[in-house]
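**Q** need a structure here:
(chains A, B, C and D)
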2 protein chains.
Amino acid sequence: MIRLILADDEELIRGALVTLLNLEPDIDVVASAGNGDDAVALARKHQPDVCILDLEMPPTDGIYAAEQIIRSVPTRVILVTRHARPGVLRRALANRVSGFVPKSTPADKLARVIRDVAAGRRYVDPDIAASALAGESCPLTSRELDVLRESRKSANIQTIAKSLQLAPGTVRNYVSSAMTKLDAGTRQEAAAAAWDQGWI
Amino acid sequence: MIRLILADDEELIRGALVTLLNLEPDIDVVASAGNGDDAVALARKHQPDVCILDLEMPPTDGIYAAEQIIRSVPTRVILVTRHARPGVLRRALANRVSGFVPKSTPADKLARVIRDVAAGRRYVDPDIAASALAGESCPLTSRELDVLRESRKSANIQTIAKSLQLAPGTVRNYVSSAMTKLDAGTRQEAAAAAWDQGWI
DNA sequence: CAGAAACCGTGACACTTGTCATGGTTCTAC
DNA sequence: GTAGAACCATGACAAGTGTCACGGTTTCTG
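**A** Numbering: from 1, shown residues only, chains lettered A, B, ... in the order given. Sure, this is the predicted structure:
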């Protein structure tokens, strides 16, 4: 019997997935959580074989919770996501996450993935893997990413400069460089492109 | 027995919800679909008592599918959403949608909502209703909304002007006016605020 | 250890965005 | 029928963005 915990911040989805997985004769959902912190606490308490975590989940994201769980519990983590961004896949695998599946996966396939992962194997959805491998690696420097990340929150160059403790001219240089690398017309467009790729 | 169809573009979620709802003794999920067009076709074929549609679903959104279904089938529609934007609620109710629930709803509550709606009652989640009523109505004119909507796709004023067949100066005036009404520092910020409110 | 890349900054300049005033036409509401 | 709002446009100007050249310092890699 594979003992499992499941975390998703949407109660309807969480309830539905718990019900569905409990129908599998060899899978037992021992607990479920609505946020990352509760998931970590429940993983520590129940020591499950597998943890299924939604990627978009407070307080930060599913990778954060996965990190905490993997660091302190001998379990395996599967991340489930709606928008599979290649850069996020790389961060997940770097954190020794064992499975990465999109929400477009059929339920019976998720069950098979759970069994494979419980048996010690790794699983990355082939479509996600293909686009991650085909996709360019991030061409932006660490500071260019910082500037774009901040650009998503702040309205103007002045505010971004203050947040990052840089001169406005420096911020403009980084913005311009990032825009050129991503072939974007505005810094908002560049930030959106970096977000879509999972780089920020 | 309440006959039901369910549509959600994420197969895992759709499978889980179908399984969960079929556990209710008085609910029978007769069909399910992965997009709006299929949902419309299945509603016409099965003439269900209730249709549950995810709001974020291709080709346009769940409201589009709801509209089509309500126009041609004597059924009742419940929309399920992850990000409940007040303006979207108003558009949904304007299209005679009978139920509007967020994905944070517990499953047993969704079952009760289905029964109420099947019995001819309407249901709007109280939290969503409260924020929709408390929230300001849209202060923007139709053309200001057009400009912001286009601003989400286009990088610059020139392109927006071409798309809407307006002079660039006119677009700048609408942008400026919208920014003032929404207290935004850039047109991108204004567009994001309008999107968050469900006005575009 | 040397060279390259990244980080950081300044300054000049071109281009774009945003503000504001002004005014004509059309539509809507009282 | 009239007044007000919305739509549309032009022009002038200020503010902000983005480009580019240049250069110093620090970090990284071979």
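**Q** What lies in contact with the helix or strand bottoming out on mean pLDDT in chain A?
**A** Least confident helix or strand of chain A, by mean pLDDT, DSSP states H and E, is helix A:126-134 with a mean of 75. If you take C-beta atoms under 8 Å, 6 or more residues apart in numbering or on different chains as the criterion, helix A:126-134 is touched by A:A84, A:P86, A:L89, A:R90, A:F100, A:P102. In short, each C-beta sits where N, CA and C put it, glycine included.
**Q** Looking at the residues you listed, which are in helices?
**A** Taking DSSP state H as the definition of helices, these contribute A:P86, A:L89, A:R90.
**Q** Mind putting those into a markdown table with distance to DNA strand D, pLDDT and neighbour count?
**A** Below are those laid out as a markdown table (distance: C-beta to the nearest atom of the strand, whole Å; pLDDT from 0 to 100; neighbours: other C-beta atoms under 10 Å in any protein chain shown):
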| residue | distance to DNA strand D | pLDDT | neighbour count |
| --- | --- | --- | --- |
| A:P86 | 22 | 76 | 21 |
| A:L89 | 22 | 80 | 24 |
| A:R90 | 17 | 77 | 16 |
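**Q** can you list the weak-confidence ranges in chain A?
**A** Low-confidence regions of chain A, defined by pLDDT under 70, span residues A:132, A:134-136.
**Q** Can you get me a residue count around the residue of it found nearest DNA strand D?
**A** Per C-beta to the nearest atom of the strand, A:S176 is where chain A lies closest to DNA strand D, at 2.8 Å. The burial count assigned to A:S176 is 13, neighbours taken as other C-beta atoms under 10 Å in any protein chain shown.
**Q** now do A:A43
**A** Neighbours of A:A43 (other C-beta under 10 Å): 25.
**Q** about what we covered before: please point out which parts of the very next helix or strand once past the least confident helix or strand of chain A sit buried.
**A** Counting by DSSP states H and E, the next helix or strand C-terminal to helix A:126-134 is helix A:142-151. For helix A:142-151, the neighbour count (16 or more other C-beta atoms under 10 Å in any protein chain shown) marks A:R143, A:E144, A:L145, A:D146, A:V147, A:L148, A:R149, A:E150, A:S151 as buried.
**Q** Over to stretch A:42-62?
**A** For stretch A:42-62, burial by neighbour count (16+ other C-beta under 10 Å) applies to A:42-43, A:46, A:48-55, A:57, A:61-62.
**Q** pretty sure A:D28 is touching A:L6, no?
**A** No - A:D28 is beyond contact range of A:L6, at 11.2 Å (criterion: C-beta atoms under 8 Å).
**Q** Confirm A:K153 sits in a helix?
**A** No - applying DSSP: H, G, I helix; E, B strand; the rest coil, one finds A:K153 to be coil, outside a helix.
**Q** check contacts around it.
**A** A:S163.
**Q** just A:M1 next, same as before
**A** Neighbouring residues of A:M1 by C-beta under 8 Å, 6+ apart: A:D26, A:I27, A:D28.
**Q** and chain A, what are its domains?
**A** According to automatic domain parsing, chain A comprises the domains A:2-134, A:142-197.
**Q** Which among the ones you listed is found nearest to B:V73?
**A** Of all the domains of chain A, domain A:2-134 sits nearest to B:V73, with 24.4 Å by C-beta to C-beta.
**Q** can the longest helix anywhere in chain A be found next to chain B?
**A** For chain A, the helix reaching the highest residue count under DSSP H is reported as helix A:168-182. No - applying C-beta under 8 Å from any C-beta of the partner chain, one finds helix A:168-182 separated from chain B by no less than 10.0 Å.
**Q** That helix vs helix A:142-151, what angle?
**A** 100 degrees (axes from the mean of the first three to the mean of the last three C-alpha atoms, to 10 degrees).
**Q** Quick check: next helix or strand after helix A:168-182?
**A** Note on helix A:168-182: by DSSP H and E, the next helix or strand toward the C-terminus is helix A:187-197.
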